[in-house]
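Novice: below are the sequence and a predicted model; questions follow.
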Amino acid sequence: MTTRAISLGKDFDIVWCTGGDFVVGPLTGNRICMKNYSHVTFVLASLAGNGTTDDVTVDLQQYTAYTGGTTADLDIVTTYYIRGETTLDGNEDWTKTTQTEASEITAIAGTQELQNLLIIEVHRDQLSDGYTHIGLNALDFGSTDVKYGVIIAICHLLTPRDPQILPYALTGANP
């Protein structure tokens, strides 16, 4: 029996967006080119913080280019899912949260002292005309506590490919 990556390349690619101490200031996520993807699922994973005041806060952006270009809020977030517990061990329920259409999810109460998983999904047809890239930023969670985490993107492919020849997620170019 051998190990294989069956879904990587066939169904999805995974991209590092940003990570670090979410409290030291905003962390800008990498821009992902949407031309090769039907949709992107952003996953924020964070450790429990050392206090109770600085809660999870993110902002979804759209861009006209990989670097430079025009930046705008992508005001489409109406639903997101979160799970949290002192120690995530796989037995937590996902909590579906709805909000008025916005690019921000602001200060999810009670998330600072928990380990968290947050899911936001963006479909290619949700970008405004002329916009080609998206990114999820971790906003300044506050200044009192420390909370480390990462944001990764699961990029759902339009065309299956061998993992060694997946297009570059940030530029959209082929290797």
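Specialist: Sure thing, it's come through. Just so we're clear, the structure is a prediction, and the values are computed from it rather than from any experiment.
Novice: just for this protein, where's the confidence low?
Specialist: Within the chain, the set of residues satisfying pLDDT under 70 comprises 1, 4-5, 22-23, 25, 49-55, 107-112, 140-147.
Novice: where does the residue nearest the centre of it fall, helix, sheet strand or coil?
Specialist: Centrality entry for the chain: nearest residue to the mean C-alpha point is residue 42, 2.8 Å, by C-alpha atoms, centre = their mean. What DSSP: H, G, I helix; E, B strand; the rest coil gives for residue 42 is strand.
Novice: residues in contact with it?
Specialist: Contacts of residue 42 were listed using C-beta atoms under 8 Å, 6 or more residues apart in numbering, and they are 17, 29, 60, 118-122, 136, 151-154. (Glycine included, C-beta is placed from N, CA and C.)
Novice: the helix or strand harbouring residue 80 pairs with which strands, parallel or anti?
Specialist: Assigned by DSSP states H and E, residue 80 falls within strand 77-85. Partner strands and pairing direction for strand 77-85 (DSSP bridges) are strand 95-102 (antiparallel), strand 115-123 (antiparallel).
Novice: most tightly surrounded among the ones you listed?
Specialist: strand 115-123 (a mean of 19; mean count of other C-beta atoms under 10 Å).
Novice: with just CA atoms, put that strand into PDB.
Specialist: Below are the C-alpha coordinates for strand 115-123, written out as PDB (Å, rounded to 0.1, in the frame of the first residue of the first chain):
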ATOM      1  CA  GLN A 115      -8.800  27.700  19.400                       C
ATOM      2  CA  ASN A 116     -10.800  28.500  16.300                       C
ATOM      3  CA  LEU A 117     -11.500  27.400  12.700                       C
ATOM      4  CA  LEU A 118     -13.300  30.000  10.500                       C
ATOM      5  CA  ILE A 119     -14.500  29.200   7.000                       C
ATOM      6  CA  ILE A 120     -15.400  31.800   4.300                       C
ATOM      7  CA  GLU A 121     -16.100  30.700   0.700                       C
ATOM      8  CA  VAL A 122     -15.800  32.900  -2.400                       C
ATOM      9  CA  HIS A 123     -17.000  32.000  -5.900                       C
END
